[in-house]
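Enquirer: got a structure for you, letters missing:
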C-alpha cells in the first residue's frame, strides 16, 4: 500500500512537470496568438484562426488541413444528435504552433510547426543541417527530418517546418524489455551522432522523444486523439514493437546550438528546457558546457520513465546513475555511454529480453490479461525465430 502510494506520488510529480512544460509553451503561444483555446469546440480559437486564414495558401503549397480549418467549415455535429467529442472536427490541437496536414501529392500525413526566427534563430538551420545529405542517410541519425520549409507570406519572421507526423515514444506501451533496449540503443546512438556533429540539443527530455509509427499502426491514428482512428470510427489498431519495430527521433531544436569543431569546451548560460532538475542549473547561473547536460537529460529520462515507473530495468542503474551525477565533469561522454551500453546489453539473456514490461500502476486483473496475451505472443515469436530485440 505504501509503495503504491509512493508510486502514485511519483507519477503525479512527473505529470505536473509535463504540465508545467506544456504551460511554458502555451505562455509563449499566448504572446504570439493571444488566446490559445476556447471552451466552445464549435468556435475556432484565435490561434486556430491563424491556421484557418492560411488554409488556401497551404493548399496551394501542397498541404491540406483538416476540415475544421476550412474557411467554410461548419461543425458536423450541429443540428444532429451527435456530440462534439465524438466528431473528428471537434478535436483541437495540443499546441497552437503545431498542426497536422496531409501532403496532397501522396496522401501522407505531416506535421506543420510554426517557428519564429527571432525567438529561435538556430532551429531551422540545425534541423535542416541534419536533413542534408550525406548526414540524412546515416542510420545513426535520429533527428527529425525536414520535408519542407515554407516562408509565411505575410510575416518575414515566421516559417513553417514541414515534418513527419510522429507519435509519443511511449504509446502504445512497451511489451518486452527487448523493445525498450532497442529504444535506448537508438536514442544513445542518436545523441552520440548529434554530439559528434558538434550540436548540443539542450532539451532532450521525454516530451521531445518521439517515434515514427506508420508501420506500427494498422489504422491511421488521429493526431489529436492518437488512440482513435483518423476518421474517429473506432480505436486505431496496432502491432507490437517486436512485430513492427519503430524508429525513434529527437525533435525540437529550438534551443539547440551548433559549435565549431575546434571549440572543445563550449560554454553557455543555463537555459531551462522541459526537465527542471538539471543539477548544474540549480546551483549557479554561470556558463557551463551543454554536452554533459544532454547526458544528464537522457539519463534522467530513463531513470524517471523506466527505473522509477516500471519493473525489471535494474540492470540500467549503474549506467544511469553515472549519467545523472551532480558533477557534470564526472558524467560519461556519449561515446562512453554507447560503449558501456553495448557491452551491457550483450550480457542480457534472451529470457530477460523477452520478459514483459510491467508498470507499477498495472492492476491485478489488467496485469493478468496482458500477461496471458504476452505469453501467447512470446511462444509464437520463439517458434518463428523472431529475435528478442527488434531490428
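Expert: That came through fine. Being a predicted model, the structure only gives us computed values, none of them experimental. Numbering: from 1, shown residues only.
Enquirer: Quick one: residues contacting the closest residue to residue 116 other than its chain neighbours.
Expert: In space, not counting the residues next to it along the chain, residue 116 is nearest to residue 157; the distance is 5.6 Å by Cβ to Cβ, 6 or more residues apart in numbering. (C-beta placed from N, C-alpha, C; glycine too.) Residue 157 sits next to 116, 117, 118 when contact means Cβ atoms under 8 Å, 6 or more residues apart in numbering.
Enquirer: what about stretch 225-241, start to end distance?
Expert: Stretch 225-241 has its terminal residues 20 Å apart, counting by Cα to Cα, to the nearest Å.
Enquirer: Residue numbering should commence at 44 henceforth.
Expert: That works, and once the first residue is 44, the last one we named lands at stretch 268-284.
Enquirer: Check which residues of that stretch are buried.
Expert: Neighbour-count burial for stretch 268-284 flags 268, 269, 271, 272, 273, 275, 279, 281, 282, 283, 284 (criterion: 16 or more other Cβ atoms under 10 Å).
Enquirer: which outside residues touch that stretch?
Expert: Here stretch 268-284 makes contact (Cβ under 8 Å, 6+ apart) with 129-131, 134, 152, 210-211, 214-215, 217-219, 222, 225, 256, 259-265, 420, 433.
Enquirer: And for stretch 224-236?
Expert: Residues contacting stretch 224-236 (Cβ under 8 Å, 6+ apart): 181, 183-186, 212, 217, 244, 247, 252, 284, 288, 290-293, 337-338, 341, 345, 359, 377-378, 380-381, 384, 388, 391, 396, 432-434.
Enquirer: if we can go back for a sec, please list the members of the contacts of residue 200 that lie in strands.
Expert: Among the contacts of residue 200, the members found in strands (DSSP state E) are residue 159.
Enquirer: Make a markdown table out of the contacts of residue 200 and add neighbour count.
Expert: Output for those, formatted as a markdown table (neighbours: other Cβ atoms under 10 Å):
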| residue | neighbour count |
| --- | --- |
| 159 | 17 |
| 160 | 16 |
| 161 | 8 |
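Enquirer: Which one of the contacts of residue 200 is nearest to residue 108?
Expert: Residue 108 has its nearest neighbour among those in residue 159, at 20.4 Å by Cβ to Cβ.
Enquirer: from memory that closest one sits against residue 199, does it?
Expert: No. If you go by Cβ atoms under 8 Å, residue 159 and residue 199 don't touch, sitting 10.8 Å apart.
Enquirer: if we can go back for a sec, and which of the buried residues of stretch 268-284 is nearest residue 239?
Expert: The closest of those, once distances to residue 239 are taken by Cβ to Cβ, is residue 284, at 26.7 Å.
Enquirer: in a helix, that's where the closest one is, yeah?
Expert: No. Counting by DSSP: H, G, I helix; E, B strand; the rest coil, residue 284 is not found in a helix; it is coil.
Enquirer: what's the distance between it and residue 213?
Expert: Residue 284 is 11 Å from residue 213, where distance means Cβ to Cβ, to the nearest Å.
Enquirer: Quick one: the helices in this structure, in order.
Expert: For the chain, helices defined by DSSP state H occupy the ranges 45-76, 89-95, 98-103, 166-173, 220-239, 322-326, 333-345, 360-366, 377-389, 393-396, 407-427.
Enquirer: quick one, which of those helices is packed in tightest?
Expert: helix 333-345 (a mean of 24; mean count of other Cβ atoms under 10 Å).
Enquirer: Contacts for that one next, please.
Expert: 227, 230-231, 234, 237-238, 243-249, 252, 300, 309, 311, 316, 318, 320-323, 356, 359, 362-363, 365-367, 371-372, 374-377, 380.
Enquirer: do stretch 414-424 as well
Expert: 218, 219, 283, 285, 397, 399, 429, 431.
Enquirer: In the protein, which residue sits furthest out from the middle?
Expert: Distance from the C-alpha centroid of the chain peaks at residue 122, with 38.2 Å (Cα atoms, centre = their mean).
Enquirer: Could you list the low-confidence segments of the stretch 244-393 of the chain?
Expert: Nowhere does the stretch 244-393 of the chain drop to pLDDT under 70.
Enquirer: Neighbours of residue 158, how many?
Expert: Residue 158 has 20 neighbours, counted by other Cβ atoms under 10 Å.
Enquirer: Show the pLDDT at it.
Expert: pLDDT recorded at residue 158 is 97.
Enquirer: same thing with the one 3 residues further on?
Expert: Here the pLDDT value assigned to residue 161 is 95.
Enquirer: now it, nearest residue through space, not along the chain?
Expert: Of all residues beyond its chain neighbours, the one nearest residue 161 is residue 200 (5.3 Å), with distances taken as Cβ to Cβ, 6+ apart.
Enquirer: contacting residues for the closest residue in space to residue 300 that isn't next to it in sequence?
Expert: Once flanking residues are discounted, residue 300 sits nearest to residue 243: 5.4 Å by Cβ to Cβ, 6+ apart. Neighbouring residues of residue 243 by Cβ under 8 Å, 6+ apart: 237, 299, 300, 302, 309, 311, 333, 334, 336, 337.
Enquirer: got it, and residue 369?
Expert: For residue 369, the contact set (Cβ under 8 Å, 6+ apart) comprises 322, 323.
Enquirer: any idea how far it lies from residue 87?
Expert: Residue 369 is 47 Å from residue 87, by Cβ to Cβ.
Enquirer: just for the stretch 44-193 of the chain, where's the confidence low?
Expert: Those would be 44-82, if you go by pLDDT under 70 across the stretch 44-193 of the chain.
Enquirer: Before I go, just wanted to say thanks for your time.
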